[in-house]
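A.B. asks: Got a sequence here, can you build the structure:
(one chain, ligands or ions: 1)
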Amino acid sequence: MRVVLTGGGTGGHIYPALAIGREISAREPGSATLYIGSGRGLEGRIVPEQGIPFESIDITGFRRSLSLENVRTVLRFLKGVTRSKELLRAFKPDIVVGTGGYVCGPVVYAASKLGIPTLIHEQNVVPGLTNKFLSRYVDGVAVSFTESVPLFKKCPDVIHAGNPCATRVLGADKTAGYASLGLKPGTPFVLVVGGSGGARALNDAVVQMAPQLGKLSGVHYVFVTGERFFRDAEAAIKRQALSAADRVTVLPYVGNMPDVLAAASLFVGRAGASFLAEVTSLGVPSILIPSPNVTNNHQEANARSLSDAGAGVLILERDLTGNVLFEQIAGIMSDPAKKERMSKASRSLGMPHSAADIYEQIIRIRGKKYSQ
Ligand SMILES: CC(=O)N[C@H]1[C@@H](OP(=O)(O)OP(=O)(O)OC[C@H]2O[C@@H](n3ccc(=O)[nH]c3=O)[C@H](O)[C@@H]2O)O[C@H](CO)[C@@H](O)[C@@H]1O
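C.D. replies: Have a look, this model is predicted:
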């Protein structure tokens with residue numbers, strides 16, 4: 001099959017696209033993939049690193065308030081449609097899959113105008129602006145939460161498939177995870193990550209709790225700060241961690257997150273939808289501090305679905321301090337029975353067959369389109 005993947009800005013939109021691409025290649029060896037993203041997003045680095053051909057278009061997102069910038073955005077969108085049409089005519093895909101983020105707008109729209117079968121995947125309960133717009137043109141929609149199905153009632157083929165990132169972590173290699181961190185296999189460690197871009201509030205709380213890290217004997221800590229915060233955060237964390245500094249690893253970004261996540265004893269992070277799909281697919285217990293700065297506060301809804309099931313502990317950012325965070329970490333890491341209960345609850349929420357369901361949907365959509 002020839003497939004175009006598009007979506008991006010942040011990891012939460014890129015990794016679901018890559019997971020769908022991987023499923024297609026596994027089912028149909030010899031498939032050809034092209035990823036179309038924005039030159040400004042994280043995809044420009046991640047996708048070529050995976051050995052996938054990458055083309056970029058110049059596009060920005062809409063501001064929610066009226067502004068001159070929105071006029072420029074419309075012009076860029078129209079230019080993006082023209083450029084996408086050129087790329088699509090040259091590549092001749094059998095399917096175009098969009099996973100949200102503004103970059104997939106012109107690409108999926110152009111594909112639908114050219115009569116190419118199209119599918120979008122929505123990661124969050126509340127659909128993003130781009131996917132809402134595209135839902136009028138696409139042949140199918142895959143959503144991550146059942147609650148989102150009615151929001152796409154005008155679309156021809158809507159399925160509840162979970163998030164394909166859940167499938168991407170299934171083949172994860174714990175041993176490789178420990179090795180990449182330089183840890184002895186089996187070392188218990190707490191993984192703290194503020195989403196694909198890092199989170200200042202979380203990094204600040206980590207610096208505040210760092211003097212207490214030594215209290216938990218034998219536990220290692222892996223702090224992933226986000227590229228833009230790395231230098232300052234690393235210096236501050238190492239300084240504050242005192243005698244436990246040798247049990248602390250600080251990194252800007254983790255390229256092999258599935259392996260590292262599979263080895264982790266506890267995940268502490270934001271509540272982005274793709275991360276949560278991975279955490280539940282692997283049955284990792286979590287402490288979640290949802291970002292308050294996202295559309296419709298959707299990360300809090302994501303986090304509540306885990307905390308209500310006993311799979312995670314929810315801390316609202318306004319209540320976050322170093323002490324609160326360390327108390328919760330210690331409460332889980334020093335109570336194996338509690339950790340095990342949370343782990344079981346987490347696994348029960350996982351939907352690891354997600355990418356396979358989406359692959360079946362792609363086959364169905366193509367079949368229908370070409371029989372018309
Ligand atoms: C601030 C913001 O707009 N956040 C949104 C964004 O989050 P964000 O882009 O942070 O996405 P998620 O937290 O959902 O997922 C991050 C993805 O990046 C990967 N990863 C992350 C860090 C790292 O060092 N290495 C790595 O590989 C994770 O394994 C995961 O696959 O998209 C999500 C959609 O999925 C939304 O739910 C979030 O609300």
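A.B. asks: Whether stretch 215-223 contacts the ligand - can you check?
C.D. replies: No. Counting by Cβ under 6 Å from any ligand atom, the ligand is not contacted by stretch 215-223; separation bottoms out at 10.1 Å. Backbone N, C-alpha and C define where each C-beta goes, glycine included.
A.B. asks: Could you report the pLDDT at the residue in the stretch 201-350 of the chain that the ligand sits nearest to?
C.D. replies: Relative to the ligand, the nearest point of the stretch 201-350 of the chain is residue 272 (2.1 Å; Cβ to the nearest ligand atom). What the model reports as pLDDT for residue 272 is 95.
A.B. asks: Wait, it touches residue 298, no?
C.D. replies: No. Using Cβ atoms under 8 Å, residue 272 is not in contact with residue 298, being 9.4 Å away.
A.B. asks: Compare these two and say which is more crowded by neighbours.
C.D. replies: residue 272 (30 against 20; other Cβ atoms under 10 Å).
A.B. asks: How about the contacts made by the more buried one?
C.D. replies: By Cβ atoms under 8 Å, 6 or more residues apart in numbering, residue 272 lies in contact with 10, 11, 12, 195, 196, 291, 299, 302.
A.B. asks: Quick one: end-to-end distance for stretch 316-326.
C.D. replies: 15 Å (Cα to Cα, to the nearest Å).
A.B. asks: neighbouring contacts of that stretch?
C.D. replies: So stretch 316-326 is contacted by 201-202, 205-210, 212-213, 215, 268, 287, 289-292, 300, 315 (Cβ under 8 Å, 6+ apart).
A.B. asks: Please flag which of the residues you listed sit within strands.
C.D. replies: The members of the contacts of stretch 316-326 that map onto strands under DSSP state E are 268, 287.
A.B. asks: Just the CA atoms of stretch 142-156, as CSV, please.
C.D. replies: Taking C-alpha atoms only, stretch 142-156 is exported to CSV below (Å, rounded to 0.1, in the frame of the first residue of the first chain):
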residue,chain,number,x,y,z
ALA,A,142,-11.1,6.8,14.3
VAL,A,143,-11.5,8.2,17.8
SER,A,144,-9.8,7.3,21.1
PHE,A,145,-12.7,7.7,23.4
THR,A,146,-16.3,6.4,23.0
GLU,A,147,-17.6,9.8,24.2
SER,A,148,-16.2,11.4,21.0
VAL,A,149,-18.2,9.2,18.6
PRO,A,150,-21.4,11.4,18.6
LEU,A,151,-19.2,14.4,17.9
PHE,A,152,-18.5,13.0,14.4
LYS,A,153,-22.1,11.9,13.6
LYS,A,154,-22.0,13.4,10.1
CYS,A,155,-19.0,11.3,9.0
PRO,A,156,-19.5,8.1,7.0
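A.B. asks: quick one: buried residues of it?
C.D. replies: Within stretch 142-156, the residues scored as buried using 16 or more other Cβ atoms under 10 Å are 142, 143, 144, 145, 148, 151, 152, 155.
A.B. asks: now swap in stretch 58-75 and tell me
C.D. replies: 59, 60, 61, 62, 73.
A.B. asks: Could I get these in TSV, plus columns for pLDDT?
C.D. replies: Output for the buried residues of stretch 58-75, formatted as TSV (pLDDT from 0 to 100):
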residue	pLDDT
59	81
60	74
61	71
62	67
73	81
